[in-house]
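1. This is the structure alone, sequence omitted:
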């Protein structure tokens, strides 16, 4: 199938499946029961179309499509103003880890449920005292009969309040061993002892949660990969998360194009200040698209997240300013979208490793500078 | 793509001479100035750009070949490349004066005897350098900027074939080659700053142990990465036939990011960064001159916005037009 055919297929599906919640900024979750049901159905429809798992192996229901096809689909969905599917974490973080580290039984159980869009997952990594410094996490997993006993607390867990499963990183050895004593688990979120508490964010919504584990028993089959091998799994997962930036960049590109169309329509009526800011955004976004497509150089992987999150702030602020200056020229939905995105954008510079931490990582790994 | 490793090594060797006149002579004697974009089957704008990278990176003396190749490429494309020219320069941002001449900026080496001028309306014309008057460009009094103010008598210009189409490509090509020089020089300045911070000690420790300086260096490196990505896109564009949009982006961005990188390279070096010895002023001058291209930042920004593809995907419904968070 050519890129043009893939694009046409995605356009046809998108036009026939209105989004369940319009086009909010960021990685959002349902805020009401009605919204939840509509979003779940929309997510399953997307999976039923095959577009969500285009790149998966045929063995697991995919079409073995290449990166260009995946980008074409993502570009269409972003330009259509679609939200992310509720299976976002499952598709981009869990499935690659299960494919890489899972047992045959784990693959047989989980991949079909992710593939058909019925399994919603949450990522259970960050803790109150272990955010960007993930290796210091304290949630413990100790042997318990033929399984594991989990105690601790996680935080900033998207989808946890609606998820059926969680990908948990927990300590299985000495605290002092840091990343060498962590293990990864596949956790049913309805297991006794798990309590989910939504966090009300500055957006006014509750897209993140705290998750408490009080003597939660897991079977032996919950372990993903080797005991104490969780750091390697998590790094692969986080690498996937940063690769997700590639998809987010296409969202930036869609919004940059919307801004450019507004400015184009205004012609010479628009002020130089706004034109210069838009040109800067267009250049940055195009460069980021090129970099994300080619893949960042070794040791520069974190650069994508830094660039995306900081361009995103400038882009959404520009959208707000443009809407304020020329309200007659900007569709009301776009102004509301950019206002919503701007508030949410502050989260992107923190999540997945605060940008300050990532600059430190780049300084050491990419530039060879000493740890400070 | 032609393997140019040998050619690049040879050029790099030439550029190690610390004498601008000697380098120009050597380039001519060895035939490099005849390796004009689009002039021979094995040379393309993109391949010449890779040589310009070597020229910009390797030169000990302060020479600039970007304008030379941009002018020559346009004349070649128009089929009007003179056989006996000794050098080429470009005149840009020309406006009509009350005295009946074209006034603007002249970019390029002073030995150029043929000037390719961008007239209003997208018309490209040639003029003999002997027929124009030049002075130092008052807003760019930087060593090595290779920019002068120029007055061109109207009667001295000879429009080339191709009309505004060739004019648009010419302006973009000028921006592209000057951006190559600016970005490469900014990258060198970043590398030099990195090395300086690792050996320069203050208060008993290398400056590279200070987090604020580490983060600044990371941002300089990221700026260079963005600049290179845009140049790569432009290079690919020239390979496939249309490098105009990406070149305008690369030039606009170089005028922003490369200036910022050069300023910080000087700042992070401290006092020694302000000396001529380190040649960081070259990074500043090359970035500043591309910033003034096409009439400056605002005009360049409009060119970027007007030419960047922002069309919606045909037939696609954009559901975000009616987004209303209150209905959630």
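-> Cool, got the structure. Predicted model, so just to flag it, every value in this text is computed and none were measured.
2. Contact partners for the nearest residue to residue B:316 once chain neighbours are set aside?
-> Once its chain neighbours are removed from consideration, residue B:316 has its nearest residue in residue A:11; the separation is 5.0 Å (CB to CB, 6 or more residues apart in numbering or on different chains). Heads up, the C-betas are built off the backbone N, CA and C, glycines and all. With contact taken as CB atoms under 8 Å, 6 or more residues apart in numbering or on different chains, residue A:11 is in contact with A:76, B:313, B:315, B:316.
3. where exactly do the helices run in the chain?
-> Just going to use chain A. Secondary structure of chain A, counting by DSSP state H: helices at A:3-16, A:33-48, A:67-79, A:88-89, A:95-101, A:104-115, A:230-266, A:272-294, A:302-325, A:332-348, A:355-365.
4. could you do chain B instead?
-> Under the criterion DSSP H, helices of chain B are mapped to B:5-15, B:20-29, B:45-58, B:66-78, B:163-199, B:211-240, B:244-253, B:259-269, B:280-291, B:297-307.
5. The longest one to helix B:297-307, inter-axis angle?
-> Here the directions of helix B:163-199 and helix B:297-307 differ by 120 degrees (axes from the mean of the first three to the mean of the last three CA atoms, to 10 degrees).
6. what do you get for the second one?
-> Here helix B:20-29 runs at 30 degrees with respect to helix B:297-307, directions being taken by the same axes, to 10 degrees.
7. before we move on, back to that, give me the distance between the residue nearest to residue B:316 and residue A:82.
-> Distance, residue A:11 to residue A:82, using CB to CB, to the nearest Å: 12 Å.
8. Okay, now the unreliable bits of chain A?
-> Across chain A, the stretches falling below the confidence threshold (pLDDT under 70) are A:23, A:237-245.
9. quick one, what contacts the closest residue to chain B within the stretch 1-150 of chain A?
-> At 2.8 Å from chain B, residue A:81 is the closest residue in the stretch 1-150 of chain A, using CB to the nearest CB. In this structure, residue A:81 makes contact with A:19, A:22, A:23, A:254, A:333, A:337, B:318, B:319, B:320, B:321, B:323, judged by CB under 8 Å, 6+ apart.
10. Quick check: the gap between it and residue B:288.
-> In this structure, residue A:81 lies at 41 Å from residue B:288, with CB to CB as the measure.
11. Compute the number of surrounding residues for residue B:78.
-> 18 (other CB atoms under 10 Å in any protein chain shown).
12. ok, it touching residue B:161?
-> Yes: judged on CB atoms under 8 Å, residue B:78 makes contact with residue B:161 at a distance of 5.1 Å.
13. Tell me, how many residues neighbour residue A:313?
-> Using other CB under 10 Å, residue A:313 has 15 neighbouring residues.
14. returning to what we had before: would you mind listing which of the contacts of residue A:81 are buried?
-> For the contacts of residue A:81, burial is judged from neighbour counts taken by 16 or more other CB atoms under 10 Å in any protein chain shown, and it is met by A:19, A:22, A:23, A:254, A:333, A:337, B:318, B:319, B:320, B:323.
15. Need the max-distance pair from the residues you listed.
-> A:22 and A:254 (14.5 Å; CB to CB).
16. could you list every residue that touches the spatially most central residue of chain B?
-> When chain B is reduced to its mean C-alpha position, the closest residue under CA atoms, centre = their mean turns out to be residue B:178, at 0.8 Å. Applying CB under 8 Å, 6+ apart to residue B:178 gives the contacts B:66, B:67, B:70, B:107, B:251, B:254, B:286, B:289, B:290, B:293.
17. so how far is chain A from it?
-> Plainly put, residue B:178 is 16 Å away from chain A if you go by CB to the nearest CB, to the nearest Å.
18. confidence score at that residue?
-> Here the pLDDT value assigned to residue B:178 is 89.
19. and if you look at the one 4 residues further on?
-> At residue B:182, the model reports a pLDDT of 90.
20. Equivalent analysis for residue B:13, please.
-> Confidence at residue B:13, expressed as pLDDT, is 60.
21. Within its sheet, name the partner strands of the strand ranked longest in chain A and how each one runs.
-> Determined from DSSP state E, the single longest strand within chain A is strand A:208-218. Next to strand A:208-218 in the sheet, as set by DSSP bridges, lie strand A:147-155 (antiparallel), strand A:194-199 (antiparallel).
22. Just give the number of residues close to residue 224.
-> Picked chain A for this. For residue A:224, the tally of surrounding residues (other CB under 10 Å) stands at 25.
23. um, chain B though
-> Using other CB under 10 Å as the criterion, the residues surrounding residue B:224 number 21.
24. With residue A:103 instead?
-> Each residue near residue A:103 was counted by other CB under 10 Å, and the total is 13.
25. can you check residue B:82 too?
-> By the criterion of other CB under 10 Å, residue B:82 has 13 neighbours.
26. where does it land on pLDDT?
-> Per-residue pLDDT puts residue B:82 at 82.
27. For it, grab phi and psi.
-> The phi/psi pair for residue B:82 (degrees, to the nearest 10) reads phi -70, psi 150.
28. if we can go back for a sec, please identify the most buried of the helices of chain B.
-> Most buried of the helices of chain B, by mean neighbour count (mean count of other CB atoms under 10 Å in any protein chain shown): helix B:244-253, with a mean of 28.
29. Relative to the whole chain's centre, how far out is that one?
-> Taking CA atoms, centre = their mean, to the nearest Å, the mean C-alpha location of helix B:244-253 is offset from the chain mean by 10 Å.
30. Then stretch B:99-108?
-> For stretch B:99-108, the separation from the chain centroid amounts to 19 Å (computed by CA atoms, centre = their mean).
31. Then stretch B:118-132?
-> Taking mean C-alpha positions (CA atoms, centre = their mean), stretch B:118-132 and its chain are 19 Å apart.
32. Show me which residues of that stretch are buried.
-> Within stretch B:118-132, the residues that qualify as buried are B:118, B:119, B:122, B:123, B:124, B:125, B:126, B:127, B:129, B:132, counting by 16+ other CB under 10 Å.
33. contacting residues around stretch B:230-240?
-> A:283, A:286-287, A:290, A:294, B:1, B:44-46, B:49-50, B:176, B:179-180, B:183, B:243-247, B:249-250, B:253-254.
34. Now do the same contact list for residue A:160.
-> For residue A:160, the contact set (CB under 8 Å, 6+ apart) comprises A:122, A:124, A:166, A:189, A:196, A:208, A:209, A:211.
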